[in-house]
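Peer 1: Generate coordinates for the sequence data below:
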Amino acid sequence: MRVSLIFTLVFLFISCLLSAQGYDLIGPFDKYHENWAMIELNGSVGFIDGNGKEVVKPKYDNISKFDRYRNGWALVQQNGLFGFIDSEGNEVVKANYDIISRFGDYQKGWALVERNGLLGFINENGDEIVTPIFDVISEFGHFQENWAQVEKDGLLGFIDTEGNLVVKPK
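Peer 2: Okay, the predicted model is just below:
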């Protein structure tokens, strides 16, 4: 009973402190990340920690729960585009993709990305390893082991599992 009262008083104190900072909404702690609460300001969301410190500035349209796409990362959306933040609050993939698939769907450690209708890949470090320039990318190993067929402007070629163009679309 006493712990519940202390928790309630701490929550009320932090809520009062934060509303003094001008946030439009403060969500519950631990829903998205341990000891973090989602905040909203002028329609944009971010996070604060249990001390009320802003760990992710409220600049995103939406933030998913952590670990859904990659362990330790959360998908973010900003101006209709997608990227990732890590569990420290750092932006690890800038929000500049129309679509990001889950890691490992095509190739272990890679996520298919789409920008302006063109496809490519990022790796688990957030590096763009295949620039989004292809209209279509098939699954790896369908035509030849460790290769994926790519199509650009109606021409076909292949990339390998290192992200290299091994057969230029012809």
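Peer 1: Quick one: residues contacting Leu165.
Peer 2: Shown in contact with Leu165 (Cβ atoms under 8 Å, 6 or more residues apart in numbering): 150, 157-159. In short, each C-beta sits where N, CA and C put it, glycine included.
Peer 1: Which pair of these spans the longest distance?
Peer 2: Gly157 and Ile159 (7.6 Å; Cβ to Cβ).
Peer 1: For the chain, which segments count as helices?
Peer 2: 2-21 (DSSP state H).
Peer 1: Run through it and note the low-pLDDT ranges.
Peer 2: The model of the chain has pLDDT under 70 over residues 1-21.
Peer 1: From the contacts of Leu165, pick the one nearest Glu91.
Peer 2: Scanning those for proximity to Glu91, where the rule is Cβ to Cβ, the winner is Ile159, at 27.0 Å.
Peer 1: before we move on, the earlier item: give me the subset of the contacts of Leu165 lying in strands.
Peer 2: 150, 157-159 (DSSP state E).
Peer 1: Could you count how many residues lie near the nearest residue to Glu151 once chain neighbours are set aside?
Peer 2: Once flanking residues are discounted, Glu151 sits nearest to Val136: 4.0 Å by Cβ to Cβ, 6 or more residues apart in numbering. Taking other Cβ atoms under 10 Å as the neighbour definition, Val136 ends up with a count of 13.
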